[in-house]
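J.: Take this sequence and fold it.
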Amino acid sequence: MTTVISDTSCLILYDKLGMLELLQRTFSSLIVTEQVAAEYGEEMPNWIEIIKIKNQGGYLELRKLLGKGEASSIILAEELTGSLLIIDEKRGRKIAKEKKLDIIGSLGILLKAKEKGEINSIREMITTIEKTDFRISKTIKQQLIKLSGEE
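T.: Below is the predicted model:
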């Protein structure tokens with residue numbers, strides 16, 4: 001089973017939706033860094049493991065470009081080879097791709113959840129997400145609906 005590492009934005013989004021458990025049902029377990037746990041600011045459910053990163057030098061370098069959560073999550077994904085990183089921030093995604101890390105966004109999780117039968121409709125989930133302050137571009141919305149077969 002792939003190790004799944006989450007950045008803060010994913011936790012915040014699914015918490016706002018009251019659907020944090022969808023992450024557990026989709027991935028069974030999740031790992032976050034101490035920095036992500038601090039940014040999240042809420043008590044972590046017992047199925048989310050908090051891990052300390054080892055490469056402090058790499059973290060400090062990335063902090064020049066990214067926030068604490070993104071930087072630490074990328075470093076942890078490098079340390080845990082073969083992991084899947086949930087990251088939304090554009091610059092963080094670009095850096096993660098340059099480092100050849102496997103990434104998914106908070107919205108990409110919806111496709112995995114639908115494949116597993118955990119949600120019925122991507123379109124309905126998008127409508128719910130749009131009621132939060134999470135931004136979804138029209139292009140991403142169209143791609144998700146098309147990939148889900150809900151056109």
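
J.: Skip the chain neighbours and tell me the closest residue to Lys112.
T.: Thr26 (5.3 Å; Cβ to Cβ, 6 or more residues apart in numbering). In this view, the C-beta of every residue, glycine as well, is placed from N, C-alpha and C.

J.: wait, the one you found sits on Ile109?
T.: Yes - under the criterion of Cβ atoms under 8 Å, Thr26 is in contact with Ile109, at a separation of 6.0 Å.

J.: okay, those two: which has more neighbours?
T.: More crowded of Thr26 and Ile109, by other Cβ atoms under 10 Å: Ile109, with 23 against 20.

J.: pretty sure Ala71 is in contact with Tyr59, am I right?
T.: Yes - using Cβ under 8 Å, Ala71 makes contact with Tyr59 at a distance of 5.5 Å.

J.: neighbour-wise, which of these two wins?
T.: Ala71 (24 against 19).

J.: ok, the residue nearest to that one when sequence neighbours are not counted - contacts?
T.: In this structure, Ala71 finds its nearest non-sequential neighbour in Leu62, 3.7 Å apart by Cβ to Cβ, 6+ apart. By Cβ atoms under 8 Å, 6 or more residues apart in numbering, the residues touching Leu62 are 70-71, 74-75, 95.

J.: gap between Leu62 and Ser72?
T.: 8 Å (Cβ to Cβ, to the nearest Å).

J.: And for Pro45?
T.: 19 Å.

J.: Over to Phe134?
T.: Distance from Phe134 to Ser72, counting by Cβ to Cβ: 21 Å.

J.: more crowded one of the two?
T.: Ser72 (31 against 16).

J.: quick revisit: checking the residue nearest to Ala71 next. Helix, strand or coil?
T.: helix (DSSP: H, G, I helix; E, B strand; the rest coil).

J.: in the sheet, who's paired with the residue most central in space within the chain?
T.: The residue lying closest to the centre of the chain (Cα atoms, centre = their mean) is Ile86, at 2.7 Å. The partner list for Ile86 in beta bridges (DSSP bridges) reads Ser6, Ile104.

J.: pLDDT value on it, please?
T.: Model confidence at Ile86, given as pLDDT, is 97.
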